[in-house]
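[1] what shape does this take:
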Amino acid sequence: MGAKETFEFEKSSTSNYSDKDVKDDFAGFGVAGVLGFGIDIKLTDMINLTTGLRFGYMFTDATTEYSQQELDVLDDLNALSGVSTASHLNTENKLDYQKSNRAFGGLQIGIQFMLDKK
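    The predicted structure is shown next:
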């Protein structure tokens with residue numbers, strides 16, 4: 001939904017910035033595979049403890065790939081604010097884009113309370 005970045009190289013550097021909107025640098029949609037498993041543990045007749053693990057991997061690129069022309073425009077805009085995009089360039093000063101994939105995991109813990117035991 002949004003992405004902000006803060007960069008501080010030196011306290012008084014013109015390259016520093018705060019709360020820069022970088023949402024356009026990330027893909028708005030992705031395809032991922034997810035694997036999850038869990039267990040319900042009966043604590044009493046009316047209360048269960050639910051636990052689970054969930055892992056996923058995003059197969060599609062998580063970042064936006066810019067063309068050399070788009071990067072040149074971004075360099076010109078960023079140069080006005082003192083920010084360099086040189087990290088996108090290789091030793092021949094050519095665009096050096098590398099695909100990014102997300103990997104994620106999580107732990108779920110919950111309590112289930114039954115209102116009516118049958």
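[2] how close does Gly105 sit to Leu53?
    7 Å (C-beta to C-beta, to the nearest Å). Bear in mind the C-beta positions are built from the backbone N, C-alpha and C, glycine included.
[3] which SS class is Gln69?
    Under DSSP: H, G, I helix; E, B strand; the rest coil, the three-state class of Gln69 is helix.
[4] Asp24 belongs to a helix?
    Yes. Counting by three-state DSSP, Asp24 is found in a helix.
[5] surely it and Glu5 touch.
    No. Using C-beta atoms under 8 Å, Asp24 makes no contact with Glu5, being 11.8 Å away.
[6] now for this protein, the helix or strand with the poorest mean pLDDT.
    helix 68-81 (a mean of 65; mean pLDDT, DSSP states H and E).
[7] C-terminal to that helix, what's the next element?
    Next along the chain after helix 68-81, taking DSSP states H and E as the criterion, comes strand 103-113.
[8] helices and strands around that following strand, which ones?
    Packing partners of strand 103-113 (3 or more C-beta pairs under 8 Å, 6 or more residues apart in numbering; DSSP states H and E): strand 47-58.
[9] partners of the strand it packs on in the sheet?
    According to DSSP bridges, strand 47-58 has the following sheet partners: strand 32-42 (antiparallel), strand 103-113 (antiparallel).
[10] any chance of those strands in JSON lines, plus mean neighbour count?
    Below are the strands paired with strand 47-58 laid out as JSON lines (neighbours: other C-beta atoms under 10 Å):
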{"stretch": "strand 32-42", "mean neighbour count": "11"}
{"stretch": "strand 103-113", "mean neighbour count": "10"}
